[in-house]
Structure formats: C-alpha cells, structure tokens
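Peer 1: build the 3D model from these lines:
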Amino acid sequence: MGRGRAKAKQQKVARDLKYNTHSTDLAALQRELTEHPQHHVVTDDEESEDDDRWAAGSR
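Peer 2: Coordinates of the predicted model:
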C-alpha cells in the first residue's frame, strides 16, 4: 500500500522526459568529455598478476 504516489511521480517524470524537449548544450558536453584524462585500461597480463597475488595470499 502507498505505492500510488511513487508510481504517479515516476509516470510524471517519464512523461516529461518523453514529450518535452530539453535543450542540450553539446559544446559543454564536448568540453566535459575532452577535459578528463582517459581511464587506465587493464590488460590481461595485469589482471593475471593481481589474481596470482591474491591466490598466493589465500594459501
């Protein structure tokens, strides 16, 4: 009981997102995406080294 208000709120938000056009500042989005450095990508070798270290500690 009591879910009616929450459901109505979700429907209101969903309807707003679906039917109302929101202006997106694409220039600001581009600046935000290019300002941050790329994340470190873990390679298979690094991952296996981590696995070996944890496996050695559990013995």
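Peer 1: by mean pLDDT, flag the weakest helix or strand of this structure.
Peer 2: helix 44-57 (a mean of 66; mean pLDDT, DSSP states H and E).
Peer 1: burial measure for N20, as a count.
Peer 2: Residues within reach of N20, counting by other Cβ atoms under 10 Å, total 7. In short, each C-beta sits where N, CA and C put it, glycine included.
Peer 1: distance of it from V13?
Peer 2: 11 Å (Cβ to Cβ, to the nearest Å).
Peer 1: low-confidence ranges in this structure?
Peer 2: Where the chain drops to pLDDT under 70, the residues are 1, 36-54, 56-59.
Peer 1: mind naming the longest helix for it?
Peer 2: Ranked by residue count and defined by DSSP state H, the top helix of the chain is helix 3-19.
Peer 1: with just CA atoms, put it into CSV.
Peer 2: Output in CSV follows, covering the C-alpha atoms of helix 3-19 (Å, rounded to 0.1, in the frame of the first residue of the first chain):
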residue,chain,number,x,y,z
ARG,A,3,2.8,2.9,-4.0
GLY,A,4,0.3,5.1,-5.8
ARG,A,5,2.1,8.3,-5.2
ALA,A,6,5.5,6.9,-6.2
LYS,A,7,4.1,5.4,-9.3
ALA,A,8,2.4,8.7,-10.3
LYS,A,9,5.7,10.5,-9.7
GLN,A,10,7.6,8.1,-11.9
GLN,A,11,5.0,8.4,-14.7
LYS,A,12,5.1,12.2,-14.5
VAL,A,13,8.9,12.2,-14.8
ALA,A,14,8.8,9.6,-17.7
ARG,A,15,6.2,11.7,-19.5
ASP,A,16,8.2,14.8,-19.1
LEU,A,17,11.3,13.1,-20.5
LYS,A,18,9.4,11.6,-23.4
TYR,A,19,7.3,14.6,-24.6
